[in-house]
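Asker: kindly return the folded structure for what I paste below:
(chains A, B and C)
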Amino acid sequence: MSELDPDRLFPADPGTRELARELYALVSGLPILSPHGHVDPDLIRLDQPFGDPAALLVTPDHYVTRLLHASGVPLEQLGVATEGADPREIWRAFCSHQTAFVGTASGYWLQHELGELFGIFDELSAENADSTFDLISAALARDDFRPRALFQRFGIEVLATTDDPLDDLSAHAALAADPGFAGRVLPTFRPDAYIDPAHRGFRSAAERLAEASGTSVDNYEGYLDGLAARREHFVRHGAVSADFGVRTPLTVDLPGAEAAALYKRAVRGELSFAEAEVFRGHMLLESARMSVADGLVMTLHPGVFRDHHGPTWDRFGPDTGHDIPLASEFTQNLRPLLQRFGTAPDFHLVLFTLDETTYGREIAPLAGFYPSLFVGAPWWFLDAPDSILRARAATTESAGLTRGSGFIDDTRAFLSIPARHDMARRLEASYLARLVREGRTSISTARRLVVDLIDAQPRKVFKL
Amino acid sequence: MSELDPDRLFPADPGTRELARELYALVSGLPILSPHGHVDPDLIRLDQPFGDPAALLVTPDHYVTRLLHASGVPLEQLGVATEGADPREIWRAFCSHQTAFVGTASGYWLQHELGELFGIFDELSAENADSTFDLISAALARDDFRPRALFQRFGIEVLATTDDPLDDLSAHAALAADPGFAGRVLPTFRPDAYIDPAHRGFRSAAERLAEASGTSVDNYEGYLDGLAARREHFVRHGAVSADFGVRTPLTVDLPGAEAAALYKRAVRGELSFAEAEVFRGHMLLESARMSVADGLVMTLHPGVFRDHHGPTWDRFGPDTGHDIPLASEFTQNLRPLLQRFGTAPDFHLVLFTLDETTYGREIAPLAGFYPSLFVGAPWWFLDAPDSILRARAATTESAGLTRGSGFIDDTRAFLSIPARHDMARRLEASYLARLVREGRTSISTARRLVVDLIDAQPRKVFKL
Amino acid sequence: MSELDPDRLFPADPGTRELARELYALVSGLPILSPHGHVDPDLIRLDQPFGDPAALLVTPDHYVTRLLHASGVPLEQLGVATEGADPREIWRAFCSHQTAFVGTASGYWLQHELGELFGIFDELSAENADSTFDLISAALARDDFRPRALFQRFGIEVLATTDDPLDDLSAHAALAADPGFAGRVLPTFRPDAYIDPAHRGFRSAAERLAEASGTSVDNYEGYLDGLAARREHFVRHGAVSADFGVRTPLTVDLPGAEAAALYKRAVRGELSFAEAEVFRGHMLLESARMSVADGLVMTLHPGVFRDHHGPTWDRFGPDTGHDIPLASEFTQNLRPLLQRFGTAPDFHLVLFTLDETTYGREIAPLAGFYPSLFVGAPWWFLDAPDSILRARAATTESAGLTRGSGFIDDTRAFLSIPARHDMARRLEASYLARLVREGRTSISTARRLVVDLIDAQPRKVFKL
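Answerer: Reported below is the predicted structural model:
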């Protein structure tokens, strides 16, 4: 190949493909809006050259290292939580296991990145490992491959990061104040450790929050005030959303006194697993209440068993590829929260899932009634071509096309951002092309909608 | 557009599309059999002109009002449980939110209805709201738009309604006795309030039943006899089925004495939630026993959390768009009933689901063994093009094509009946066309089967 | 028809179909590897002529008899567990209910078998029942239709059977020692009754095992040693795997003393249902430990409610078509086992499921991290064209193409083996053709991968 297939991901039928091409052309050049992700803001602030190809594309990307691990490459050989691994050796291991990535989302993004950024159109292999390592390394040394130059080349308008509630957000402030940088880099309030007594870091988080708030750690009112104050700090720095990663989306509407009593026992580490769940469910409801007050969009990412393999966690820490999805339930779990805030003016709740059975069964019917509730874009294991089209098909017939969050890349892999957004645009175009070809909507409506889906919808849902 | 797309819903591939066209042509003109729905029999009996476009197409259709509500239009502005809303204003609100319906089943049906009935082929919009309101209003004033004229124009042969067990069925009797009306309008026995102690209306239903049966409300035998007597009343008025809307399909085989004791406490409102479930499960089994005796087809519609948003229910009542599906389980829940009646001669049990994971996993394997059990057509949120084809694909490979119920429109929107049946016919044709194109069956078999699926199968399953 | 459609199961789009044809041609002639199935080894050893068409294609195949039963044909009329049924009458019943099989996997296989083996290309029907009965009967009398001749004609290289742990494996030994037979017929260790205290045969199995091991039945260590010794016996006879059919994949890591105490009570029949589950879960973990020691691949087939209809089981026994799937859960249930052995060198665990929601949600993410874990081919109710493609789409995007088990026919219907493997090859070709057509991989990679998937992958996973 000497170029990427210009028709990639479009439907096979030539008539439908032609329609998809036309619709894609309307959105392929639109600016990138990334309202939820995990890029380090210092990457942009400091604007240092990227390291070597392995440090850029392999070691930090747990989507990639997990499949190499499954293929028999130990994580230490990939430099995960390990000093002194040779980048060239890591790259060779990656290149010689490319077959593992055929058909995966990661493989698809990589193909896009290598082609668009580095002009590499051949598939990686043991044979071209050294030459591609050298070629990429040379590119990375150039000024036009520094983060800010790429930020601009990628057409990113908004990039949200994910941040600890006690982060001072100085990186975001510096970027906002920098006259030489035109992009918007927004923080996101992510309080998992602060609201979940089952989280390893809960006690420490509660202590640091109390200290920052000038209150005692066992003061429940002070704890709530402290969280609200930190949210205000985020709002002042441009945050548009607060994000919650929880095992289940259980919400609980506890009387204040009961919540306070649980909290006091929580900071002493006295809660059972079930009590911790109840308190966390209560704090989700309290967080919704805060969102109603301060306007932060609430995003909910439930349904993951984190750190599934204990020995790997012991040795390599979190986010090393063994977070495994669980079946989820929204209809009953979210009811307490929705009873209270499901029709609250200007409250936005975005539901993500890794259990795709919930798209059609629960999330779309909920989003088809509650004005506050939006269908989150397919996430993580589901952020891939077939999965995205399945989610479209599963949600649209009952919730329509206007109740979605817009695409979210959720990535810590900065270079993959354009690949991911381009993938989403191709798939929206493909889906709408099918509706037109099946006589379910007109091409004029599809033309209008494809732009709305890529541009207007995320601006509206995330209040950008 | 000046006409509906004649190829709508057919597969994109030209070869397959050609086959679908041929198969569809064999069934497009067949009479409509509607063995389960919610049209008011008085609509046909009285044959009054329909009201205005809003009262016809918006206000009473919770498929439509829910999406408008999600889009920010309050239900009172749509005239839901609200006096004095201006129909023209409701219509304007509907027209200016048409984007919300793109890709939905409701949007698809509306397009069919507007085109076929009113010659409106442009998409509704704020701009044409007044002109379409006037055009539809003018049509509705004509005699050929009265219910009976449409009943005939639609080619409806059988239309089943859904009725309270104590309904005197005088509307059905009047229609049957009317020499000027050739259609069959059949009642359906729907005893939810009478068998579920958790139902808001249980106590009152049990009292009215006891009064009608001349027995005491706490007499369990009288209660069973009363239900059987009302079923007989329905059978005498042409009913072919009894329908059960329950949260779960749990069935329980209780000893009589235990059931009687639960019943006595149920009418006193003393059952726990779990005990109420057990009693309801027992009454499903008892209802199957009655079906074996009186021949009424048993249809089961489980898996919905009704009235999810309390404040909306308080203000607007039931059926206002916030009934949300739940995960369901059939394999274990139905076993007590199937142990008893799964092979009972002439017993028919039709299973509906809103949890599409159960189609392939549970319902098709059950229907592939038990002669009494039929796969219900995709229902409610799943009564839509992609969902229907998914259900076909999920059930056919293990249960074949002859174990389905035939299409059921389940609608209270009279004007949408032809649109819905036409959609189902197009999809059966599309599915069979794909089987032929993939070399999985012959075109001659497909020709025979498509007619069977649309016509013979519902006649057989519902004993029409 | 005068031949089978050479393009059957290929995608409809002509461009994609052309690619599928090319890829299929690369694998259509490869030898058949069947690492898991239920053919009786004596069938091959004795090499007797097959009986009549009914005894060959109807009576013993519960995929077939269940659908006939659902269609109203009593099992006794099909000769199931019934002496003296007339084969010709059974065949007539089968032929006159062919419509029940349209669109099913069984119907597809039958079409292949009749065409390829007997030159019957017309669909079976009441009209041709007698002539096809005679035609097939005549063929079966010929020497080239004996089992060994067909084994060779089918191109079977490896055929695994499923065997009781106390089987002496003399049939396998005889075949291995026979210079006139070149195929490999391997036993598979299947200890369900030996490890599940809820199994009807548990007590008897434990007693026979103790007797064979020269130990007392309530000696837990002797029980474990006995199982390990029987596994060694299987390994010596060429076994490559141990197979576990369980209701749930729960695994439990019990301290030895606790396990011993449960075992003692288990052989006395004293365990509650829940305790029996725990012991079985513990024995799955112990079995994994044994696999780490002796190298047998562990295959897990969970999620079936066996013998759903009691009256049918009472009359006709097990495997008579009323085993019904259940929802399954792997993420939490398998964690104890994977904590211990998920990264153990050379340990292979193959996960099958009948709950296809687990493919994408749980099995693929697990197989995308744990090197020991492989995605089992779609099994039983899911071993069918659309289901297989759904499983491919659900697993590939997160686990890639290299984490699967390779195709497994799992059949007791010897004649259907080529049809099933051919189906799998057509579908792999179709899936890869789609990836190429959508620009997601190159044709050269697809050419290489299709051969790997059919040939190299099962050899690797099953250590053939």
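
Asker: number of residues surrounding residue A:456?
Answerer: Residues within reach of residue A:456, counting by other CB atoms under 10 Å in any protein chain shown, total 14. In short, each C-beta sits where N, CA and C put it, glycine included.

Asker: distance of it from residue A:403?
Answerer: 13 Å (CB to CB, to the nearest Å).

Asker: equivalent analysis for residue A:389, please.
Answerer: Taken as CB to CB, the span from residue A:389 to residue A:403 is 17 Å.

Asker: what does the host helix or strand of residue A:224 rub up against?
Answerer: Assessed by DSSP states H and E, residue A:224 sits inside helix A:220-236. With contacts defined as CB atoms under 8 Å, 6 or more residues apart in numbering or on different chains, helix A:220-236 is touched by A:163, A:165-166, A:169, A:187-189, A:191, A:194-195, A:206, A:209-210, A:212-213, A:215-217, A:239, A:242, A:259-260, A:263-264, A:286-287, A:290, A:293-296.

Asker: residue of the stretch 251-400 of chain A with the smallest distance to chain B?
Answerer: Closest to chain B within the stretch 251-400 of chain A is residue A:397: 3.6 Å, counting by CB to the nearest CB.

Asker: can you name the helix or strand that that residue falls in?
Answerer: helix A:385-399.

Asker: now the angle from that helix to helix B:385-399?
Answerer: Using axes from the mean of the first three to the mean of the last three CA atoms, to 10 degrees, the direction of helix A:385-399 lies 110 degrees away from that of helix B:385-399.

Asker: number of nearby residues for residue A:352?
Answerer: 26.

Asker: what's the pLDDT at the closest residue to chain C within the stretch 351-464 of chain A?
Answerer: Nearest residue of the stretch 351-464 of chain A to chain C (CB to the nearest CB) works out as residue A:384 at 3.6 Å. Residue A:384 carries a pLDDT value of 98.

Asker: which residues are in contact with the residue nearest to residue A:105 when sequence neighbours are not counted?
Answerer: In space, not counting the residues next to it along the chain, residue A:105 is nearest to residue A:384; the distance is 3.6 Å by CB to CB, 6 or more residues apart in numbering or on different chains. Neighbour list for residue A:384: A:104-105, A:108, A:378, C:397-398 [criterion: CB under 8 Å, 6+ apart].

Asker: can you pull out the strands in the stretch 1-150 of chain A?
Answerer: A:32-34 (DSSP state E, counting those that start in this stretch).

Asker: sketch out the low-pLDDT regions of chain A for me.
Answerer: By pLDDT under 70, the low-scoring segments of chain A are A:1.

Asker: nearest to chain B within chain A, name that residue for me.
Answerer: residue A:439 (2.9 Å).

Asker: residues in contact with that residue?
Answerer: B:4-5, B:7-9.

Asker: now with 6 Å, please.
Answerer: Counting by CB atoms under 6 Å, 6 or more residues apart in numbering or on different chains, residue A:439 makes contact with B:5, B:8.

Asker: doesn't it belong to a strand?
Answerer: No: in this structure, residue A:439 is coil, not part of a strand, as judged by DSSP: H, G, I helix; E, B strand; the rest coil.

Asker: distance check, whichever residue of the stretch 51-200 of chain A sits closest to chain C against residue C:126.
Answerer: Chain C sits closest to residue A:103 of the stretch 51-200 of chain A, with a gap of 4.1 Å, by CB to the nearest CB. Per CB to CB, residue A:103 is found 46 Å from residue C:126.

Asker: kindly report the same for residue A:330.
Answerer: Applying CB to CB to residue A:330 and residue C:126 gives a distance of 51 Å.

Asker: which one's more surrounded, these two?
Answerer: The neighbour comparison of residue A:330 against residue C:126 (other CB under 10 Å) goes to residue A:330, with 27 against 12.

Asker: follow-up on the earlier one: pull out the buried positions in the helix holding residue A:224.
Answerer: By neighbour count on 16 or more other CB atoms under 10 Å in any protein chain shown, the buried set for helix A:220-236 is A:220, A:222-224, A:226-228, A:230-231, A:233-235.

Asker: farthest-apart pair in these, please.
Answerer: Between any two of the buried residues of helix A:220-236, the greatest separation by CB to CB is 22.8 Å, found for A:220 and A:235.

Asker: so which residues of the stretch 1-150 of chain A form helices?
Answerer: Along the stretch 1-150 of chain A, counting by DSSP state H, counting those that start in this stretch, helices occupy A:14-27, A:41-46, A:53-57, A:62-70, A:87-96, A:105-118, A:129-140, A:147-153.

Asker: give the other helices and strands that the shortest one contacts.
Answerer: With contacts defined as 3 or more CB pairs under 6 Å, 6 or more residues apart in numbering or on different chains; DSSP states H and E, the packing partners of helix A:53-57 are helix A:87-96.

Asker: from the chain's centre, how far out does the helix it packs on sit?
Answerer: On the basis of CA atoms, centre = their mean, to the nearest Å, helix A:87-96 sits 27 Å off its chain's mean C-alpha point.

Asker: C-alpha coordinates for it, PDB please?
Answerer: The C-alpha coordinates for helix A:87-96 follow below in PDB (Å, rounded to 0.1, in the frame of the first residue of the first chain):
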ATOM      1  CA  PRO A  87      13.200   0.700  23.400                       C
ATOM      2  CA  ARG A  88      14.500  -1.000  20.200                       C
ATOM      3  CA  GLU A  89      13.900  -4.400  21.700                       C
ATOM      4  CA  ILE A  90      10.400  -3.400  22.800                       C
ATOM      5  CA  TRP A  91       9.700  -2.200  19.300                       C
ATOM      6  CA  ARG A  92      11.000  -5.400  17.900                       C
ATOM      7  CA  ALA A  93       8.700  -7.500  20.100                       C
ATOM      8  CA  PHE A  94       5.800  -5.300  19.100                       C
ATOM      9  CA  CYS A  95       6.600  -5.600  15.400                       C
ATOM     10  CA  SER A  96       7.000  -9.300  15.400                       C
END
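
Asker: so which bits of that helix are buried?
Answerer: So for helix A:87-96, counting by 16+ other CB under 10 Å, buried means A:87-88, A:90-96.

Asker: for these, give me a markdown table that also has distance to residue A:77.
Answerer: A markdown table is the format used below for the buried residues of helix A:87-96 (distance: CB to CB, whole Å):
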| residue | distance to residue A:77 |
| --- | --- |
| A:87 | 12 |
| A:88 | 12 |
| A:90 | 7 |
| A:91 | 12 |
| A:92 | 10 |
| A:93 | 6 |
| A:94 | 10 |
| A:95 | 13 |
| A:96 | 12 |
